[in-house]
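Q: I would like the atomic coordinates for the input below:
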Amino acid sequence: MLFRNLKIIEPILKAVKSEGYTEPTPIQSKAIPSLLEGRDLLGCAQTGTGKTAAFAIPILQDLSEEHRNIKGKRQIKALILAPTRELAIQIGDSFKAYGKYLNLKTLVVYGGVSQHPQTRSLTSGVDILVATPGRLLDLVNQKYIRLNQVTHFVLDEADMMLDMGMLPDVKRIIKLIPEIRQTMFFSATMPDEIAKLSSSILKNPVTVSITPVSSAVEIIEQSVYQVDKGNKINLLIHLLKNKAIVSALVFSRTKHGADKIVKALEKAGLQAQAIHGNKSQNARQLALSNFKERKTRILVATDIAARGIDIEELSHVFNFDLPEVPETYVHRIGRTGRAGLGGIAIAFCDQEEKLLLRDIQKLTSKSIEIVGDHPFPWNEKLQFSTSKPVTPRARSTKKTSYSKSNAEKKEKSYWKSR
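A: Next up, the predicted model:
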């Protein structure tokens, strides 16, 4: 199927083509026709599946047709809520790219920077507003923003908003927008509180579920290094000295840990930058820009700061610390392998993380190769039960597999983006 088969208007088709896209992704081909019919939508999809275009294109098309009959100052007709500044900026860039041949104005508002440039843009009128919840409520309370004309509402990365403690703000915002509207709700996972929220704000929605978590990892080459906790940084330095690693995104469980990793890498002569909630907005954007432009080869990030990072042809993802929630592992490694491209994901596992690795194996139902041939091994071999035989691959590594389980862990994150 091609984009032109989805009844998309010519200015948007022209913009999409100029971005290098001709064929829609699965979520786009399933979501766009229903959204153009005015249906609400519940989307269960990870980042990297093309979901931004899945909601941006129908919104742009609807507003373009409505805009012909509107006179006077522009009113906010579409509101997109995103949990982080990085994701909000990325969504805003997508709206501007797909709508560059339309007479529509998009604005992104987020905290951590002066509000004056944002309020100046608001005074001249805006059609599409992309916002983080905290800054949006600040501007509403100051009467810079009114949401009584919103006809299209998108809640993106709802599960992340739950983790970050943003749901009370989100619920306050929902009370400010008209009940008669088209609503699009996206979440990578569906914990009970998110499912309850979606059922309360969606009306007879179309449900689109793309790339189940267990199958998202099939195209990514994965391996795990068993290493003592104190030797993780030495192993990371050893591996990153391989110049064949073109770009590396390294995940740390904590902000303090991310800074420590960067300092150790720089001491070893490896250029790296960190991105996390304690960094200023300018510092985070600079680090991300340098990484995207290949000025910096290594980016060290926490999970929340990394949500929304979309980098083409990212070659390697390193799990310096294994996550406490197995789904988070899949989101992390999904930063590589974009758009069907392959990628390499390397995880470090110390003695205390064996059960975390077990949970990851159970979730994905995919064995991860255990690399024993490296300078910093730990003595005990990983030994877990297996429920099915594992077919060896032609590699000079050892591997194991693990049985499925119903056990789940829940991760809490308290950094809140404003």
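Q: all strands of the stretch 251-400 of the chain, in order?
A: 272-275, 298-301, 316-319, 343-349, 368-371, 398-400 (DSSP state E, counting those that start in this stretch).
Q: again, but for the stretch 1-150 of the chain
A: 41-44, 78-81, 106-109, 128-131.
Q: Quick check: which of these is buried the most?
A: The highest average neighbour count among the strands of the stretch 1-150 of the chain, using mean count of other C-beta atoms under 10 Å, belongs to strand 128-131 at a mean of 27. Any C-beta I mention is one placed from the backbone N, CA and C, and that applies to glycine too.
Q: gap between that strand and the chain center?
A: 18 Å (C-alpha atoms, centre = their mean, to the nearest Å).
Q: What strands line up against it, and which way round?
A: Here strand 128-131 has these sheet partners by DSSP bridges: strand 78-81 (parallel), strand 106-109 (parallel).
Q: still on that earlier bit, with distance to residue 253 and mean neighbour count added, can I get the strands of the stretch 251-400 of the chain in JSON lines?
A: Below are those laid out as JSON lines (distance: least, C-beta to C-beta, whole Å; neighbours: other C-beta atoms under 10 Å):
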{"stretch": "strand 272-275", "distance to residue 253": "13", "mean neighbour count": "24"}
{"stretch": "strand 298-301", "distance to residue 253": "11", "mean neighbour count": "26"}
{"stretch": "strand 316-319", "distance to residue 253": "9", "mean neighbour count": "26"}
{"stretch": "strand 343-349", "distance to residue 253": "11", "mean neighbour count": "23"}
{"stretch": "strand 368-371", "distance to residue 253": "19", "mean neighbour count": "19"}
{"stretch": "strand 398-400", "distance to residue 253": "24", "mean neighbour count": "17"}
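Q: closest one to residue 208 among those?
A: strand 343-349 (24.5 Å; C-beta to C-beta).
Q: Please name the strands paired to the closest one in the sheet, noting orientation.
A: Strand 343-349 is paired, per DSSP bridges, with strand 220-226 (parallel), strand 316-319 (parallel).
Q: Got the domain ranges for the chain?
A: 3-209, 220-400 (automatic domain parsing).
Q: By mean pLDDT, show me the worst of those domains.
A: Mean pLDDT per stretch puts domain 220-400 lowest among the domains of the chain, at a mean of 80.
Q: Check the offset of that one from the chain's centre.
A: That offset, for domain 220-400, works out to 16 Å (C-alpha atoms, centre = their mean).
Q: quick check: longest helix of the chain.
A: Under DSSP state H, the helix in the chain containing the largest number of residues is helix 51-67.
Q: Can you list the neighbours in contact with it?
A: 8-9, 11-12, 16, 21, 24-25, 27-28, 31-32, 35-36, 41, 43, 45, 77-78, 80, 90-91, 94-95, 98-99, 102-104, 127-128, 151-152, 154, 156, 182, 184, 186, 208, 210 (C-beta atoms under 8 Å, 6 or more residues apart in numbering).
Q: got the residue ranges for the helices in the stretch 1-150 of the chain?
A: 10-18, 26-36, 51-67, 85-98, 116-123, 133-141 (DSSP state H, counting those that start in this stretch).
Q: As JSON lines, those helices with mean neighbour count and distance to residue 356 would be great.
A: Output for the helices of the stretch 1-150 of the chain, formatted as JSON lines (neighbours: other C-beta atoms under 10 Å; distance: least, C-beta to C-beta, whole Å):
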{"stretch": "helix 10-18", "mean neighbour count": "16", "distance to residue 356": "41"}
{"stretch": "helix 26-36", "mean neighbour count": "21", "distance to residue 356": "29"}
{"stretch": "helix 51-67", "mean neighbour count": "23", "distance to residue 356": "28"}
{"stretch": "helix 85-98", "mean neighbour count": "22", "distance to residue 356": "26"}
{"stretch": "helix 116-123", "mean neighbour count": "14", "distance to residue 356": "41"}
{"stretch": "helix 133-141", "mean neighbour count": "19", "distance to residue 356": "31"}
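Q: So for residue 240, which of those sits nearest?
A: Among those, helix 85-98 comes nearest to residue 240, with 23.5 Å by C-beta to C-beta.
Q: re earlier: can you tell me which of the helices of the stretch 1-150 of the chain is nearest to residue 279?
A: Closest among the helices of the stretch 1-150 of the chain, once you apply C-beta to C-beta, is helix 85-98, at 10.7 Å.
Q: Against which helices or strands is that closest one packed?
A: Under the contact criterion of 3 or more C-beta pairs under 8 Å, 6 or more residues apart in numbering; DSSP states H and E, helix 85-98 touches helix 10-18, helix 51-67, strand 106-109, strand 128-131, helix 281-292.
Q: at 10 Å what do you get?
A: helix 10-18, helix 51-67, strand 78-81, strand 106-109, strand 128-131, helix 133-141, helix 281-292, helix 303-306 (3 or more C-beta pairs under 10 Å, 6 or more residues apart in numbering; DSSP states H and E).
Q: Distance to residue 326 for those - can I get that in CSV?
A: Putting those into CSV (distance: least, C-beta to C-beta, whole Å) gives the following:
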stretch, distance to residue 326
helix 10-18, 35
helix 51-67, 22
strand 78-81, 27
strand 106-109, 32
strand 128-131, 30
helix 133-141, 27
helix 281-292, 26
helix 303-306, 13
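Q: Could you provide the strands paired with strand 128-131 in CSV, with additional columns for distance to residue 247?
A: Converted to CSV, the strands paired with strand 128-131 look like this (distance: least, C-beta to C-beta, whole Å):
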stretch, distance to residue 247
strand 78-81, 28
strand 106-109, 26
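Q: could I get the helices of the stretch 1-150 of the chain as a markdown table with distance to residue 164?
A: Formatted as a markdown table, the helices of the stretch 1-150 of the chain follow (distance: least, C-beta to C-beta, whole Å):
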| stretch | distance to residue 164 |
| --- | --- |
| helix 10-18 | 32 |
| helix 26-36 | 24 |
| helix 51-67 | 19 |
| helix 85-98 | 12 |
| helix 116-123 | 21 |
| helix 133-141 | 9 |
